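S.K.: I'll drop the sequence and a predicted model, then ask my questions.
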Amino acid sequence: MPLRFECPHCETRLSAGKEFFHTVSNCPDCGKEFMVPAPQDIKLPTDEVKFVCPGCRRKLSASPEQFGTEMPCPFTDCEEILMVPDAGYKPIDIPPKG
Ligand SMILES: [Zn+2]
Ligand SMILES: [Zn+2]
C-alpha cells in the first residue's frame, strides 16, 4: 500500500508507492521538488477518518492503513462493501528525474 506523508513545502497530504521511496519528485500541488520519504523515515499519521456507511447510514471510522481500501461494513445486519475515503491524500505519479 502507498505511504502517506506531507509535502515539506506546502504540507499537502500526499501518497506514494514504494517505487518512489527516496526519489526526488515534484509536489503535485505546489510543484516544488522534494525527496519522497520511506516508511522508516516517518511516523504514520494516527488520525482516523470518520464516514457514514452508504448501506446502513451508521457512522464508521477507519485507521490510516485502511484509507482508500474496500472493507465490509462491520455491522452484521449490513455488511455493505464500502470504500474507505482517502482523507484527501494526493497520489504522487510523476516519474522520478534522472
Ligand atoms: Zn507541496
Ligand atoms: Zn453498514
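M.R.: Okay, I see it. In this text the structure is predicted, and so the values were computed from the model without any measurement. Ligands and ions are numbered 1, 2, ... in the order given.

S.K.: Residue 50 - that's part of a strand, no?
M.R.: Yes: according to DSSP: H, G, I helix; E, B strand; the rest coil, residue 50 belongs to a strand.

S.K.: who does the least confident helix or strand in the chain by mean pLDDT pair up with?
M.R.: When the helices and strands of the chain are compared on mean pLDDT, DSSP states H and E, strand 90-91 comes out lowest with a mean of 76. Here strand 90-91 has these sheet partners by DSSP bridges: strand 13-16 (parallel).

S.K.: Following the chain past the partner strand, name the next helix or strand.
M.R.: Next along the chain after strand 13-16, taking DSSP states H and E as the criterion, comes strand 24-26.

S.K.: Next SSE downstream of that following strand?
M.R.: That would be, after strand 24-26 and using DSSP H and E, strand 33-35.

S.K.: Mind listing what's buried along that next one?
M.R.: Within strand 33-35, the residues that count as buried by 16 or more other Cβ atoms under 10 Å are residue 34. Where C-beta positions appear, they are placed from N, C-alpha and C, glycine not excepted.

S.K.: Kindly report the residues of this protein close to ligand 2.
M.R.: Residues of the chain lying close to ligand 2 by Cβ under 5 Å from the ion are 53, 55-56, 73, 75, 78, 80.

S.K.: Could you export the residues you listed to JSON lines, including columns for secondary structure, pLDDT and neighbour count?
M.R.: Output for the residues of the chain next to ligand 2, formatted as JSON lines (DSSP: H, G, I helix; E, B strand; the rest coil; pLDDT from 0 to 100; neighbours: other Cβ atoms under 10 Å):
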{"residue": "53", "secondary structure": "coil", "pLDDT": "93", "neighbour count": "17"}
{"residue": "55", "secondary structure": "coil", "pLDDT": "93", "neighbour count": "15"}
{"residue": "56", "secondary structure": "coil", "pLDDT": "96", "neighbour count": "14"}
{"residue": "73", "secondary structure": "coil", "pLDDT": "94", "neighbour count": "17"}
{"residue": "75", "secondary structure": "coil", "pLDDT": "94", "neighbour count": "13"}
{"residue": "78", "secondary structure": "coil", "pLDDT": "96", "neighbour count": "15"}
{"residue": "80", "secondary structure": "coil", "pLDDT": "94", "neighbour count": "12"}
